[in-house]
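Colleague: Build the 3D model from these lines:
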Amino acid sequence: FRKVLALSLFCHAVRTGAQVDQSLTPDYFYISSSVVSGVKKLCLAPSELKNGAKIILEECKDSDKHKWSIDKFGRYKSKKTPWRCLARYKNLLTINLCRKKSITSFSYDFFDRSLIWKRNGNVEHVVTFDDAPVHGLKVKILKRNKGNDDEKQIWHFTAQAQGDAVIANKSSYANNETIVVEFSTSSLDDNTWIGIYPAGTDPNSIPAGSTMFVYAACGKKTCNKSSSYGRVEFSHESDHGNSAWPLCGGKWQAFLIQTITSPYKALDSTDIFTVDNGVCGSKCSLATSDVSSLEHAVPIDGMPLKNLAFSSCYKPDTHNSSLLWNHMRNFEAHVWSWLGDNTYSDGESMEYKRTKYNEGKENYFYQTYGPIAEPKIPVTGTWDDHDYGNNNQGKEYDCRKLSQDEFANFFNIPETDARHPNNPNQQKGVYSSNIFTQSRSGGDVGVHLIHVDARYHRSPTFDKYGQCEGADSTILGSEQWSWLQSELDRKSEIKVIGSGIQVLPPTYRDGKNLKDYCAYDGEGGTFDAANTVVGEGLNWKGLEYECWSEIPQERTKLLQMAQKSINNGNAKRIIFISGDQHWGEIMAKKMPAHDVFGDSQILYEVTASGIDQNYPYDNYNSNRVRIRSADNQDDGIFLNECKFPFNYNGNTYTDCTMTTKRAWCATNTDENDNYIGSWGYCASPTAELVPKENISFSNKYTCFNYLHICSAESNYGGISVDWVNKKITLAVFTPHDKDDTVAASISIDF
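Modeller: Alright, predicted model coming up:
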């Protein structure tokens, strides 16, 4: 038995009314065989059922003990006895008691959930248990002895898996045959999943992009069910992710995995199983089903735009409320922007992508209340990794062109659009732009909405995704960079740039070896220079998740191009919008003055991500807007946020206090707002990128910072322009809170 399973089998023949020994631990086989008069007992205690493992078998009569061993055939013996049979063939565990006149066997089938008792090959009794798990099973069989109504044979059987286990129901499958995988784990959570990879994949370093996968908790890619065991199926009807069904011929393994960042480490893996050759889902296979008949409206240049709404990371199968869409319509959004992970359709199967896009449109609440419902709200956007290809992939994804075609279908992009497959000059990538006016009467140009494609041309960020390109790493590729420059040279009042990943968070350094970044080119190289030139030193905290700052040379190029666009008079404000992270936040970044790019300018960003999902954990970001900034106990680096109110020496403070020679504040407090020793001197109010009076927040769904919205059921972002008073409001909304839907907002002049 390959798995580290600890099983206990207890078979006991007694008179009616006898008590069953309940003291046995699940770490042992315990076989006792007796008749009414009692002859002998046989106890088997393996620490691990595995070829070559040593076991101890005790003859319990007269306290004699003999050591037994198990061979590669699953047989056991001692010096005084012939070989006896203990075997587990795939998913069937069998104990054979070999005697002179008969062979009694007890078998438990882990998949059929049946306990089988045979004598000399003849089935004496079978019991099946519909809901029995791989571990924790307790079975009781009663069989009446012939000719004696007062005697019964009572067989007790328990099976328990210790730790984590995953097994496939067969060792070989015909083409298109359903593959069933059983799992058991003591630490199941919503991120526990089962992936199928080619046989021989290193279980300690599993790459991203499994051939097929499901989340183990309920056999789907998404679910909230909590259980420690179960089975999942891979078939033409299952929600199996990545590649088109059926699985291609060859040798495969299924892995039980509990991490969401590659390379993954398996908790356990199945034996190798084979699939016969035949028709299979090919890589980058074309979709064959129809595109949904529901259609989005598309934005048109010259439309008026006052309110822009946006979000990302949408899972139709968990979306179960109209509250977000009702709030969006009350916000009077003129355009909705999807910022990536617009549905989750990882893999190379275009049929799977089309199915998921169709499900996104056809979700009841989306089609009834969302932007696709009447009256339609025009929809545009970009993509991110989970609707583009596989997790964190860039240009190494093999199906870029076909995936773009499915993107065009979902957004109902006109055939004349450069993104559409029927355009003879189809561009490589889903980048786009629209220019809107300030009013219905037309006239003055208002918002210039630009969406970049941070996937199609992006170089590998870490070597696990592909060959590193060092200082030559790119995010947009040369053609898209030229296009973006031409867009930034167009005049508008406000430019909004949408990206699937965040732009403003600094490069993540905590616990990270910079050499791990593909774009790193040595100390003092372009990687370091890109951070230094935008004023971000070693003390600046970034996010350990995907951001532009993984290739800081490209991030700095983008920020400086935006800075110059403002200084050239092509925009008064430039605001980035982004998704990906399953939280919302508002950021501001002051670009230092530069000989080439001009005067210092402040750039802004709103991240809105997570429709019926969130990520409720602290994540530090030095460019997140703070209500008041403070240093760390007089170190002069003002990257901490004051906590208000805070209680100190019997007083409650709602702003920085002058109880010392300089204004200071608490930078951390306990649950009762009491000062607990963390403090800093406050930055001058004039140094704040957003004045405190221009910031509002509910403080209901925040993590460590007031403008980091991490625990709301859903969030979406909004940009509202007051063309008369020349003010812009940037907001993160939490529409499921009917009493306080604005989780965070800032207002800026232009």
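
Colleague: How about the contacts made by the residue nearest to Leu543 when sequence neighbours are not counted?
Modeller: Nearest in space to Leu543, with sequence neighbours left out and distances taken as Cβ to Cβ, 6 or more residues apart in numbering, is Pro505 at 4.7 Å. From N, CA and C alone the C-beta is placed, and that goes for glycine too. Applying Cβ atoms under 8 Å, 6 or more residues apart in numbering to Pro505 gives the contacts Gly542, Leu543, Cys547, Ser549, Met587, Asn621, Ser622, Asn623.

Colleague: Kindly provide the distance from Asp346 to Asn390.
Modeller: According to Cβ to Cβ, to the nearest Å, Asp346 and Asn390 sit 5 Å apart.

Colleague: Let me fix that, I meant to ask about Phe310.
Modeller: Distance of Phe310 to Asn390, given as Cβ to Cβ: 24 Å.

Colleague: Which of those two has more residues huddled nearby?
Modeller: Set Phe310 next to Asn390 and count neighbours by other Cβ atoms under 10 Å: Phe310 wins out with 27 against 22.

Colleague: in what helix or strand does the residue nearest the centre of the chain lie?
Modeller: Nearest residue to the geometric centre of the chain (Cα atoms, centre = their mean): Ile260, 5.5 Å. In this structure, Ile260 sits in neither a helix nor a strand according to DSSP states H and E.

Colleague: Need the nearest residue in space to it, chain neighbours excluded.
Modeller: Closest to Ile260 by Cβ to Cβ, 6+ apart is Asn191, at 5.1 Å.

Colleague: Go ahead and confirm that neighbour touches Thr259.
Modeller: Yes - applying Cβ atoms under 8 Å, one finds Asn191 in contact with Thr259, separated by 7.3 Å.

Colleague: before we move on, the earlier item: out of the contacts of Pro505, who's the most crowded?
Modeller: Counting by other Cβ under 10 Å, top hit in these: Ser549 with 28 neighbours.

Colleague: what's the nearest residue to that one if we skip its chain neighbours?
Modeller: Thr507 (4.2 Å).

Colleague: cool, His736 as well?
Modeller: In space, His736 is closest to Glu713, 4.4 Å off (Cβ to Cβ, 6+ apart).

Colleague: what do you get for Val214?
Modeller: Val232 (4.8 Å).

Colleague: Does the one you found belong to a helix, a strand or coil?
Modeller: Secondary structure, DSSP: H, G, I helix; E, B strand; the rest coil: Val232 is strand.

Colleague: pretty sure it is touching Phe183, no?
Modeller: Yes - judged on Cβ under 8 Å, Val232 makes contact with Phe183 at a distance of 7.3 Å.

Colleague: one step back: got the contact list for the residue nearest to Ser549?
Modeller: Tyr517, Asn531, Glu536, Trp540, Gly542, Ser549, Glu550, Pro552.

Colleague: Check Gly584 too.
Modeller: By Cβ under 8 Å, 6+ apart, the neighbours of Gly584 are 606-610, 708-710, 712, 715-717, 732, 734, 743-744.

Colleague: go with 6 Å
Modeller: Thr607, Ala608, Ile709, Asn715, Val732 (Cβ atoms under 6 Å, 6 or more residues apart in numbering).

Colleague: ok, now Tyr314?
Modeller: Tyr314 neighbours (Cβ under 6 Å, 6+ apart): Asn342, Ile611.

Colleague: how does it look with 8 Å?
Modeller: Tyr314 touches Trp338, Asp341, Asn342, Thr343, Gly360, Ile611, counting by Cβ under 8 Å, 6+ apart.

Colleague: where does it fall, phi/psi-wise?
Modeller: Per-residue torsions, Tyr314: phi -110, psi 120 (degrees, to the nearest 10).

Colleague: so what's it bridging to?
Modeller: Ile611 (DSSP bridges).

Colleague: where does it land on pLDDT?
Modeller: On the pLDDT scale, Tyr314 is placed at 96.

Colleague: Begin at 21, not 1, for the rest of this chat.
Modeller: Taking 21 as the first residue, the last one we looked at is Tyr334.

Colleague: For it, give its distance to Val200.
Modeller: As judged by Cβ to Cβ, Tyr334 and Val200 stand 30 Å apart.

Colleague: Point out where the stretch 521-670 of the chain drops to low pLDDT.
Modeller: Along the stretch 521-670 of the chain, the model assigns pLDDT under 70 to no residue.

Colleague: where do the helices sit along this protein?
Modeller: Using DSSP state H, the helices of the chain run over 343-350, 370-382, 384-389, 405-408, 420-431, 497-508, 546-553, 572-587.

Colleague: contacting residues around stretch 556-564?
Modeller: 522, 525-530, 532, 551, 569, 601, 639-643, 657, 659.

Colleague: again, only using 7 Å
Modeller: Identification of contacts with stretch 556-564 by Cβ atoms under 7 Å, 6 or more residues apart in numbering yields 525-530, 569, 639-642, 657, 659.

Colleague: Residue ranges in this structure under the pLDDT threshold?
Modeller: 21-141, 144-183, 206, 210, 229, 236-249, 257-265, 298-302.

Colleague: now do 80
Modeller: For the chain, applying pLDDT under 80 flags the ranges 21-185, 187, 189, 195-196, 202-211, 227-251, 256-269, 280-282, 297-303, 460-463.

Colleague: got CSV for the contacts of Thr527, with distance to Ile455 too?
Modeller: Shown next, in CSV, are the contacts of Thr527 (distance: Cβ to Cβ, whole Å):
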residue, distance to Ile455
Tyr537, 36
Asn551, 33
Glu556, 32
Trp560, 34
Gly562, 33
Ser569, 29
Glu570, 31
Pro572, 30
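
Colleague: ok so, going back, for the residue nearest to His756, which residues are in contact?
Modeller: Residues in contact with Glu733 (Cβ under 7 Å, 6+ apart) are Asp632, Asn634, His756.

Colleague: And for Asp404?
Modeller: Ser332, Gly360, Asp361, Arg475, Gly520, Ile521, Gly599, Asp600.

Colleague: What separation is there between the closest residue to it other than its chain neighbours and Ile521?
Modeller: Excluding its sequence neighbours, the residue lying closest to Asp404 (Cβ to Cβ, 6+ apart) is Gly360, at 2.6 Å. Taking Cβ to Cβ as the measure, Gly360 falls 8 Å from Ile521.

Colleague: Over to Tyr408?
Modeller: Counting by Cβ to Cβ - Tyr408 and Ile521 are separated by 11 Å.

Colleague: Check Leu578 too.
Modeller: 12 Å.

Colleague: which residues do those two both contact?
Modeller: Trp568.

Colleague: Counting neighbours, go ahead and name the busier of those two.
Modeller: The neighbour comparison of Leu578 against Ile521 (other Cβ under 10 Å) goes to Ile521, with 28 against 21.

Colleague: Could you pull up phi and psi at the more buried one?
Modeller: phi -120, psi 160.

Colleague: so which of the contacts of Asp404 comes closest to Ser309?
Modeller: Asp361 (21.6 Å; Cβ to Cβ).

Colleague: Show me which of the contacts of Gly604 are buried.
Modeller: With burial judged by 16 or more other Cβ atoms under 10 Å, the buried subset of those is Thr627, Ala628, Ile729, Asn735, Val752.

Colleague: I'd say the last one and Asn735 touch.
Modeller: Yes - using Cβ atoms under 7 Å, Val752 and Asn735 qualify as a contacting pair, with a distance of 5.5 Å.

Colleague: Report the set of residues contacting both of the two.
Modeller: By Cβ under 7 Å, 6+ apart, the residues touching both Val752 and Asn735 are Gly604, Ala628, Ile729, Ala763.

Colleague: Tell me the spacing between Tyr673 and Asn719.
Modeller: Using Cβ to Cβ, Tyr673 is found at 16 Å from Asn719.
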